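# quick one, structure for this:
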Amino acid sequence: MTEWFARPVLHVSSVEASLRFYVERLGFSVPWRYEEDGRARVAQVDRGSCALVLSDQWPEKVGNGLMFISLNVEPESHKAEVAAVDALRAELEARGVPVKDGRWGYRLLVVEDLDGNQLFFPYPNEPQTRVEGLVTLEAT
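Numbers count the residues shown, from 1 in each chain. Predicted coordinates:
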């Protein structure tokens, strides 16, 4: 079976400034970068199995990115997944990154980069049970 790998592009006004933000504030590494005239124009940042490409080559698209990034947790359990997102929130806040709460049918942790591109980290959906035809949330 063939597995797909995606590297979405986030459009930024300055690849150099964005690299500093993604590395120093969000904990990413930089496996490669492309330079023209001594200036970074395109670069990839990685953290875990998340890979993002940063580019300044389409200025009209800067800041319009929206990226969902899931945290894969072992063992998979509602409490472990919530704890992982909460730990990420604490890590980012300790690094001085503004973190917001959001919703997209479920709870999100939202981080904006320097240009307004948004990274959405979803919390797991609340476990649900059926009670006589009604759906109720389980207490966690």
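# residue ranges with poor pLDDT in the chain?
For the chain, the stretches flagged by pLDDT under 70 are 126-140.
# what do you get if the cut-off is 80, keeping everything else the same?
74-76, 126-140 (pLDDT under 80).
# and the strands in it?
9-11, 29-36, 39-47, 50-55, 66-68, 99-103, 107-112, 118-122, 128-131, 134-137 (DSSP state E).
# neighbours around His11, how many?
20 (other CB atoms under 10 Å). All C-beta atoms are positioned from the backbone trio N, CA, C, and that covers glycine.
# likewise Glu35?
By other CB under 10 Å, neighbour count at Glu35 equals 12.
# now the strands of the chain in JSON lines, with distance to Ala90?
Putting these into JSON lines (distance: least, CB to CB, whole Å) gives the following:
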{"stretch": "strand 9-11", "distance to Ala90": "24"}
{"stretch": "strand 29-36", "distance to Ala90": "21"}
{"stretch": "strand 39-47", "distance to Ala90": "16"}
{"stretch": "strand 50-55", "distance to Ala90": "19"}
{"stretch": "strand 66-68", "distance to Ala90": "21"}
{"stretch": "strand 99-103", "distance to Ala90": "9"}
{"stretch": "strand 107-112", "distance to Ala90": "11"}
{"stretch": "strand 118-122", "distance to Ala90": "13"}
{"stretch": "strand 128-131", "distance to Ala90": "27"}
{"stretch": "strand 134-137", "distance to Ala90": "25"}
